[in-house]
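>>> Sequence and predicted structure, then a few things I'm wondering about:
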Amino acid sequence: MKPSLNYQDISLVPRNLSDVKSRHEIDLSINLDSNNTRYNLRLPVLPAPMDTICSIEMCRILAENGMLGMIHRFQPVSKRKENYKTLNNDKLDAVIAVGLDEKEIIEEFYNFGARAFIVDVANGFNTAVEPTIKQIRNLKNTYIICGNVDSKEGFKYLSDLGVDAIRVGIGSGSMCTTSIMTGVGQGIVSSIQECRSIKDKNGSKSLIIADGGIKVVGDIAKALTVGADTVMVGRMLAGTKEAEGNILKYNGKLYKAYRGSASYAVQQKRGKNPYYVEGDETIVEYKGGVQNILDQIDAGLRSSMSYMAASNLEQLKKNGSYVVKQNID
(Lines give C-alpha, C1' and ligand atoms only; values in the text may rest on other atoms or scores of the structure.)
Protein backbone atom coordinates (compact mmCIF):
# COMPACT_ATOMS: atom_id res chain seq x y z
CA MET A 1 0.00 0.00 0.00
CA LYS A 2 1.31 3.45 -0.92
CA PRO A 3 1.87 5.96 1.89
CA SER A 4 -0.70 8.72 2.28
CA LEU A 5 1.14 11.96 1.59
CA ASN A 6 0.72 15.47 2.96
CA TYR A 7 2.58 18.60 1.90
CA GLN A 8 5.23 18.21 4.57
CA ASP A 9 6.01 14.72 3.27
CA ILE A 10 7.31 15.87 -0.11
CA SER A 11 9.84 18.31 -1.57
CA LEU A 12 9.82 19.70 -5.10
CA VAL A 13 12.86 18.85 -7.23
CA PRO A 14 13.90 20.82 -10.36
CA ARG A 15 14.58 18.27 -13.14
CA ASN A 16 14.11 20.48 -16.20
CA LEU A 17 16.47 23.17 -17.46
CA SER A 18 14.75 26.47 -16.77
CA ASP A 19 14.59 29.19 -19.41
CA VAL A 20 12.69 31.62 -17.18
CA LYS A 21 14.69 34.84 -17.46
CA SER A 22 12.72 36.84 -14.95
CA ARG A 23 10.16 35.97 -12.32
CA HIS A 24 8.06 38.86 -13.60
CA GLU A 25 7.40 37.02 -16.88
CA ILE A 26 5.69 34.15 -15.04
CA ASP A 27 1.91 33.96 -15.47
CA LEU A 28 0.15 32.95 -12.23
CA SER A 29 -3.38 33.41 -13.55
CA ILE A 30 -6.04 30.71 -13.74
CA ASN A 31 -9.34 30.87 -15.59
CA LEU A 32 -11.91 29.12 -13.41
CA ASP A 33 -14.56 29.05 -16.12
CA SER A 34 -13.84 27.10 -19.31
CA ASN A 35 -16.82 28.74 -21.04
CA ASN A 36 -15.60 32.34 -20.72
CA THR A 37 -13.14 34.56 -18.84
CA ARG A 38 -15.46 36.01 -16.20
CA TYR A 39 -13.52 34.32 -13.36
CA ASN A 40 -9.95 34.79 -14.53
CA LEU A 41 -7.96 34.97 -11.28
CA ARG A 42 -4.63 36.77 -11.05
CA LEU A 43 -3.51 34.31 -8.37
CA PRO A 44 -4.61 30.63 -8.12
CA VAL A 45 -5.95 31.16 -4.60
CA LEU A 46 -9.45 31.22 -3.11
CA PRO A 47 -10.37 32.06 0.50
CA ALA A 48 -12.02 29.41 2.66
CA PRO A 49 -15.68 30.41 3.29
CA MET A 50 -15.18 30.56 7.06
CA ASP A 51 -16.71 33.03 9.49
CA THR A 52 -13.30 34.14 10.79
CA ILE A 53 -11.93 34.75 7.29
CA CYS A 54 -14.46 36.11 4.80
CA SER A 55 -15.54 39.58 5.83
CA ILE A 56 -16.78 42.09 3.28
CA GLU A 57 -13.41 43.85 3.63
CA MET A 58 -11.65 40.59 2.70
CA CYS A 59 -13.94 40.17 -0.31
CA ARG A 60 -13.22 43.71 -1.40
CA ILE A 61 -9.43 43.54 -1.28
CA LEU A 62 -9.39 40.13 -2.97
CA ALA A 63 -11.57 41.48 -5.79
CA GLU A 64 -9.32 44.52 -6.12
CA ASN A 65 -6.40 42.09 -6.52
CA GLY A 66 -8.09 40.24 -9.36
CA MET A 67 -9.30 37.42 -7.12
CA LEU A 68 -12.65 36.17 -5.78
CA GLY A 69 -13.99 36.60 -2.28
CA MET A 70 -16.57 34.41 -0.57
CA ILE A 71 -19.66 35.54 1.31
CA HIS A 72 -19.79 32.87 4.01
CA ARG A 73 -23.05 31.26 5.12
CA PHE A 74 -22.47 31.47 8.89
CA GLN A 75 -24.29 34.78 9.22
CA PRO A 76 -27.91 35.89 8.88
CA VAL A 77 -29.32 35.83 5.36
CA SER A 78 -30.01 39.56 5.65
CA LYS A 79 -26.31 40.18 6.27
CA ARG A 80 -25.31 38.02 3.31
CA LYS A 81 -27.67 40.00 1.09
CA GLU A 82 -26.39 43.32 2.42
CA ASN A 83 -22.76 42.32 1.80
CA TYR A 84 -23.45 41.09 -1.71
CA LYS A 85 -25.40 44.22 -2.66
CA THR A 86 -22.62 46.44 -1.30
CA LEU A 87 -20.00 44.64 -3.39
CA ASN A 88 -22.26 44.48 -6.43
CA ASN A 89 -22.92 48.23 -6.26
CA ASP A 90 -19.15 48.73 -6.43
CA LYS A 91 -18.99 46.34 -9.41
CA LEU A 92 -17.05 43.77 -7.37
CA ASP A 93 -17.92 40.08 -7.61
CA ALA A 94 -18.00 37.41 -4.90
CA VAL A 95 -19.04 33.77 -4.52
CA ILE A 96 -22.16 33.12 -2.44
CA ALA A 97 -21.88 30.24 0.03
CA VAL A 98 -25.09 28.26 0.49
CA GLY A 99 -26.20 25.21 2.42
CA LEU A 100 -28.54 22.40 1.39
CA ASP A 101 -31.73 23.91 2.76
CA GLU A 102 -31.63 27.31 1.08
CA LYS A 103 -33.60 26.91 -2.14
CA GLU A 104 -35.39 30.26 -1.88
CA ILE A 105 -32.20 32.04 -0.85
CA ILE A 106 -30.40 30.77 -3.95
CA GLU A 107 -33.20 32.17 -6.13
CA GLU A 108 -33.05 35.52 -4.34
CA PHE A 109 -29.29 35.88 -4.78
CA TYR A 110 -29.59 34.89 -8.42
CA ASN A 111 -32.20 37.62 -8.94
CA PHE A 112 -29.81 40.09 -7.28
CA GLY A 113 -27.24 39.22 -9.94
CA ALA A 114 -25.18 36.50 -8.23
CA ARG A 115 -23.93 33.81 -10.60
CA ALA A 116 -21.18 32.05 -8.62
CA PHE A 117 -22.24 29.75 -5.77
CA ILE A 118 -20.35 27.44 -3.44
CA VAL A 119 -22.37 24.57 -2.00
CA ASP A 120 -20.61 24.51 1.35
CA VAL A 121 -20.89 21.04 2.92
CA ALA A 122 -18.44 18.75 4.70
CA ASN A 123 -19.14 15.68 2.54
CA GLY A 124 -19.77 16.40 -1.12
CA PHE A 125 -19.90 12.69 -1.98
CA ASN A 126 -23.48 12.41 -0.78
CA THR A 127 -26.79 12.30 -2.63
CA ALA A 128 -28.01 15.14 -0.40
CA VAL A 129 -26.06 17.68 -2.48
CA GLU A 130 -27.71 16.68 -5.77
CA PRO A 131 -30.94 18.73 -5.54
CA THR A 132 -29.05 21.93 -4.67
CA ILE A 133 -26.51 21.44 -7.45
CA LYS A 134 -29.25 20.73 -9.98
CA GLN A 135 -31.21 23.79 -8.86
CA ILE A 136 -28.21 26.07 -9.40
CA ARG A 137 -27.25 24.31 -12.64
CA ASN A 138 -30.74 24.95 -14.03
CA LEU A 139 -30.28 28.68 -13.52
CA LYS A 140 -28.75 30.33 -16.58
CA ASN A 141 -25.03 31.16 -16.66
CA THR A 142 -24.18 29.98 -13.13
CA TYR A 143 -20.87 28.75 -11.75
CA ILE A 144 -20.80 26.04 -9.07
CA ILE A 145 -18.16 25.10 -6.52
CA CYS A 146 -18.84 22.09 -4.29
CA GLY A 147 -17.06 19.66 -1.98
CA ASN A 148 -15.46 18.27 -0.13
CA VAL A 149 -14.38 14.96 -1.62
CA ASP A 150 -11.33 12.82 -0.94
CA SER A 151 -11.34 10.19 -3.68
CA LYS A 152 -11.68 9.66 -7.42
CA GLU A 153 -15.18 8.28 -6.88
CA GLY A 154 -16.23 11.46 -5.08
CA PHE A 155 -14.65 13.67 -7.72
CA LYS A 156 -16.39 11.80 -10.54
CA TYR A 157 -19.75 12.03 -8.77
CA LEU A 158 -19.62 15.83 -8.54
CA SER A 159 -18.07 16.20 -11.98
CA ASP A 160 -20.90 14.16 -13.51
CA LEU A 161 -23.40 16.49 -11.80
CA GLY A 162 -21.83 19.43 -13.63
CA VAL A 163 -19.91 21.04 -10.76
CA ASP A 164 -17.39 23.51 -12.20
CA ALA A 165 -14.80 23.35 -9.42
CA ILE A 166 -14.50 20.66 -6.76
CA ARG A 167 -12.97 21.07 -3.30
CA VAL A 168 -10.62 18.17 -2.66
CA GLY A 169 -9.48 17.21 0.84
CA ILE A 170 -11.17 15.90 3.97
CA GLY A 171 -9.74 16.42 7.43
CA SER A 172 -6.58 18.14 6.21
CA GLY A 173 -7.38 21.70 7.30
CA SER A 174 -5.58 23.04 10.36
CA MET A 175 -8.91 23.77 12.10
CA CYS A 176 -10.58 20.56 10.93
CA THR A 177 -10.76 17.60 13.33
CA THR A 178 -12.75 15.30 11.03
CA SER A 179 -9.93 12.77 10.67
CA ILE A 180 -9.46 12.67 14.43
CA MET A 181 -13.16 12.40 15.26
CA THR A 182 -14.17 10.04 12.43
CA GLY A 183 -11.04 8.32 11.13
CA VAL A 184 -11.90 9.60 7.63
CA GLY A 185 -9.47 11.27 5.26
CA GLN A 186 -6.20 10.65 3.45
CA GLY A 187 -3.21 12.94 2.97
CA ILE A 188 -4.04 15.97 0.85
CA VAL A 189 -1.28 15.30 -1.71
CA SER A 190 -2.62 11.79 -2.24
CA SER A 191 -6.18 13.16 -2.52
CA ILE A 192 -5.15 15.64 -5.21
CA GLN A 193 -3.27 13.02 -7.20
CA GLU A 194 -6.13 10.53 -7.05
CA CYS A 195 -8.67 13.10 -8.21
CA ARG A 196 -6.32 14.38 -10.91
CA SER A 197 -5.97 10.88 -12.31
CA ILE A 198 -9.72 10.47 -12.84
CA LYS A 199 -10.07 14.05 -14.11
CA ASP A 200 -7.45 13.45 -16.82
CA LYS A 201 -8.71 9.96 -17.63
CA ASN A 202 -12.28 11.15 -18.19
CA GLY A 203 -11.39 14.51 -19.73
CA SER A 204 -13.39 16.26 -17.02
CA LYS A 205 -13.62 20.06 -17.17
CA SER A 206 -14.19 20.28 -13.41
CA LEU A 207 -11.30 22.03 -11.69
CA ILE A 208 -9.53 20.71 -8.59
CA ILE A 209 -9.43 23.06 -5.61
CA ALA A 210 -6.91 21.79 -3.06
CA ASP A 211 -8.63 22.57 0.23
CA GLY A 212 -6.86 22.22 3.57
CA GLY A 213 -3.41 21.84 5.04
CA ILE A 214 -1.79 24.88 3.41
CA LYS A 215 0.35 26.69 5.95
CA VAL A 216 3.07 28.34 3.83
CA VAL A 217 3.52 29.45 0.22
CA GLY A 218 5.59 26.36 -0.55
CA ASP A 219 2.51 24.24 0.17
CA ILE A 220 0.62 26.12 -2.54
CA ALA A 221 3.41 25.38 -5.01
CA LYS A 222 3.32 21.70 -4.05
CA ALA A 223 -0.47 21.51 -4.46
CA LEU A 224 -0.33 23.06 -7.92
CA THR A 225 2.56 20.80 -8.94
CA VAL A 226 0.87 17.52 -8.00
CA GLY A 227 -2.36 18.32 -9.82
CA ALA A 228 -4.48 21.04 -8.23
CA ASP A 229 -5.79 23.81 -10.48
CA THR A 230 -6.13 26.24 -7.62
CA VAL A 231 -6.04 26.19 -3.82
CA MET A 232 -8.26 27.28 -0.96
CA VAL A 233 -6.60 28.86 2.06
CA GLY A 234 -7.82 29.67 5.54
CA ARG A 235 -4.94 29.87 8.00
CA MET A 236 -2.78 32.02 5.71
CA LEU A 237 -5.48 34.71 5.67
CA ALA A 238 -6.47 34.31 9.34
CA GLY A 239 -5.33 37.01 11.73
CA THR A 240 -5.18 39.72 9.08
CA LYS A 241 -6.83 43.12 9.44
CA GLU A 242 -9.47 42.19 6.87
CA ALA A 243 -10.30 38.79 8.38
CA GLU A 244 -13.69 38.68 10.12
CA GLY A 245 -13.62 39.36 13.86
CA ASN A 246 -12.24 41.69 16.48
CA ILE A 247 -8.60 42.12 17.46
CA LEU A 248 -7.84 40.55 20.85
CA LYS A 249 -5.06 41.60 23.21
CA TYR A 250 -3.38 38.93 25.34
CA ASN A 251 -0.11 39.23 27.28
CA GLY A 252 0.77 42.37 25.37
CA LYS A 253 0.28 40.79 21.93
CA LEU A 254 -2.51 41.16 19.39
CA TYR A 255 -4.51 38.19 18.09
CA LYS A 256 -7.64 37.31 16.14
CA ALA A 257 -9.86 34.25 16.42
CA TYR A 258 -9.66 31.41 13.90
CA ARG A 259 -11.98 28.40 13.91
CA GLY A 260 -13.30 25.62 11.73
CA SER A 261 -16.76 25.76 10.21
CA ALA A 262 -17.88 22.74 12.25
CA SER A 263 -16.43 24.04 15.52
CA TYR A 264 -18.48 24.35 18.71
CA ALA A 265 -18.62 28.15 18.50
CA VAL A 266 -19.79 28.24 14.88
CA GLN A 267 -22.54 25.69 15.55
CA GLN A 268 -23.69 27.67 18.59
CA LYS A 269 -23.66 30.86 16.54
CA ARG A 270 -26.03 29.20 14.07
CA GLY A 271 -28.42 28.26 16.86
CA LYS A 272 -27.54 24.59 16.85
CA ASN A 273 -26.92 22.28 19.80
CA PRO A 274 -23.36 21.08 19.03
CA TYR A 275 -23.35 17.52 20.28
CA TYR A 276 -20.76 16.49 17.69
CA VAL A 277 -17.87 18.74 16.72
CA GLU A 278 -15.49 18.36 13.76
CA GLY A 279 -13.77 21.74 13.97
CA ASP A 280 -11.24 23.34 16.28
CA GLU A 281 -10.87 26.88 17.63
CA THR A 282 -7.78 28.94 18.36
CA ILE A 283 -6.31 32.43 18.17
CA VAL A 284 -3.61 33.48 15.72
CA GLU A 285 -1.22 36.37 16.03
CA TYR A 286 -2.36 39.55 14.32
CA LYS A 287 -0.65 39.89 10.92
CA GLY A 288 -1.70 43.34 9.71
CA GLY A 289 -3.09 43.94 6.23
CA VAL A 290 -3.82 40.94 4.01
CA GLN A 291 -2.12 42.66 1.06
CA ASN A 292 1.23 41.65 2.56
CA ILE A 293 0.13 37.99 2.53
CA LEU A 294 -1.04 38.21 -1.08
CA ASP A 295 2.27 39.78 -2.09
CA GLN A 296 4.18 36.98 -0.32
CA ILE A 297 2.11 34.35 -2.15
CA ASP A 298 2.77 36.08 -5.47
CA ALA A 299 6.52 36.33 -4.88
CA GLY A 300 6.90 32.83 -3.46
CA LEU A 301 5.01 31.16 -6.31
CA ARG A 302 7.02 33.03 -8.92
CA SER A 303 10.25 31.94 -7.27
CA SER A 304 9.15 28.31 -7.00
CA MET A 305 8.02 28.21 -10.62
CA SER A 306 11.30 29.68 -11.84
CA TYR A 307 13.10 26.75 -10.20
CA MET A 308 10.64 24.31 -11.79
CA ALA A 309 11.11 25.69 -15.34
CA ALA A 310 7.49 26.83 -15.45
CA SER A 311 6.32 30.11 -16.94
CA ASN A 312 2.66 29.27 -16.24
CA LEU A 313 0.60 26.88 -14.12
CA GLU A 314 0.18 24.26 -16.85
CA GLN A 315 3.95 24.05 -17.26
CA LEU A 316 4.28 23.64 -13.49
CA LYS A 317 2.12 20.50 -13.63
CA LYS A 318 4.02 19.22 -16.67
CA ASN A 319 7.56 19.94 -15.44
CA GLY A 320 6.98 19.54 -11.73
CA SER A 321 8.70 16.73 -9.89
CA TYR A 322 9.02 15.81 -6.24
CA VAL A 323 10.61 13.36 -3.85
CA VAL A 324 9.09 11.75 -0.80
CA LYS A 325 11.05 12.50 2.34
CA GLN A 326 12.70 9.55 4.05
CA ASN A 327 10.68 9.70 7.26
CA ILE A 328 7.60 8.33 5.45
CA ASP A 329 6.78 4.71 6.25
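Received it, and whenever you're ready, just let me know what you need.

>>> quick one: which helix or strand includes T282?
T282 belongs to strand 281-285 when elements are defined using DSSP states H and E.

>>> so what does that strand touch, helix or strand wise?
Based on contacts counted as 3 or more CB pairs under 8 Å, 6 or more residues apart in numbering; DSSP states H and E, the elements that strand 281-285 packs against are strand 253-259. All C-beta atoms are positioned from the backbone trio N, CA, C, and that covers glycine.

>>> For the strand it packs on, buried residues please.
The neighbour-count criterion (16 or more other CB atoms under 10 Å) identifies 255-259 as the buried residues of strand 253-259.

>>> hmm, back to that, please identify the pairing partners of the strand holding T282 and their relative orientation?
When pairs are called by DSSP bridges, strand 281-285 turns out to pair with strand 253-259 (antiparallel).

>>> what about the partner strand, average pLDDT?
Taken as a whole, strand 253-259 carries a mean pLDDT of 94.

>>> Please list the outside residues in contact with that strand.
Strand 253-259 has contacts (CB atoms under 8 Å, 6 or more residues apart in numbering) with 50-53, 175, 234-235, 238-240, 243, 245-249, 265-266, 279-286.

>>> What ranges does the stretch 101-250 of the chain have for its strands?
When assigned using DSSP state E, counting those that start in this stretch, the strands of the stretch 101-250 of the chain occupy the ranges 116-120, 143-149, 165-168, 207-211, 230-233, 248-250.

>>> Which strands and helices lie in contact with the fifth one?
Okay, so that is strand 230-233. strand 45-47, strand 207-211, helix 217-226.

>>> if we look at that strand, which residues are touching it?
Contacting residues not belonging to strand 230-233 are listed as 30, 32, 41, 44-48, 165, 167, 207-212, 214, 220, 223-224 [CB under 8 Å, 6+ apart].

>>> Pull out the buried positions in stretch 137-151.
Using 16+ other CB under 10 Å as the test for burial, stretch 137-151 gives 139, 142-151.

>>> least confident pick among these?
Of all of the buried residues of stretch 137-151, G147 carries the lowest confidence score, 90.

>>> tell me the contacts of the nearest residue to E244 once chain neighbours are set aside?
Spatially, and ignoring its direct neighbours in sequence, E244 is nearest to S55 (4.1 Å; CB to CB, 6 or more residues apart in numbering). With contacts defined as CB under 8 Å, 6+ apart, the neighbours of S55 are 242-245.

>>> burial count for the residue nearest to L158 when sequence neighbours are not counted?
Spatially, and ignoring its direct neighbours in sequence, L158 is nearest to I166 (5.0 Å; CB to CB, 6+ apart). I166 is surrounded by 28 other residues when neighbours are defined as other CB atoms under 10 Å.

>>> circling back to that earlier point, return the member of the buried residues of stretch 137-151 nearest to N6.
The shortest separation between N6 and any of the buried residues of stretch 137-151 is 12.9 Å, and it belongs to D150 (by CB to CB).

>>> which residues does that closest one contact?
Counting by CB under 8 Å, 6+ apart, the residues that D150 touches are 125, 168-171, 184-186, 191.

>>> what's the closest of those residues to R115?
R115 lies nearest to V168 out of the contacts of D150, by CB to CB, at 23.0 Å.

>>> what's around L46, how many residues?
Residues lying near L46 (other CB under 10 Å) number 26.

>>> what bits of this structure have low per-residue confidence?
1, 173-180, 261-279, 327-329 (pLDDT under 70).

>>> Where do the helices of it begin and end?
Along the chain, counting by DSSP state H, helices occupy 56-64, 77-89, 103-112, 130-137, 152-160, 178-182, 188-202, 217-226, 264-269, 290-307, 313-319.

>>> out of these, deepest packed?
Looking across the helices of the chain with neighbours counted as mean count of other CB atoms under 10 Å, the highest average goes to helix 217-226: a mean of 24.

>>> tell me the angle of that helix relative to strand 207-211?
For helix 217-226 and strand 207-211, the angle between their directions (axes from the mean of the first three to the mean of the last three CA atoms, to 10 degrees) works out to 150 degrees.

>>> residues in contact with helix 217-226?
For helix 217-226, the external contacting residues (CB under 8 Å, 6+ apart) are 7, 10, 12, 44-45, 188-189, 192-193, 196, 210, 213-214, 230-231, 233, 296-297, 300-301, 304-305, 308, 313, 316-317, 320-322.
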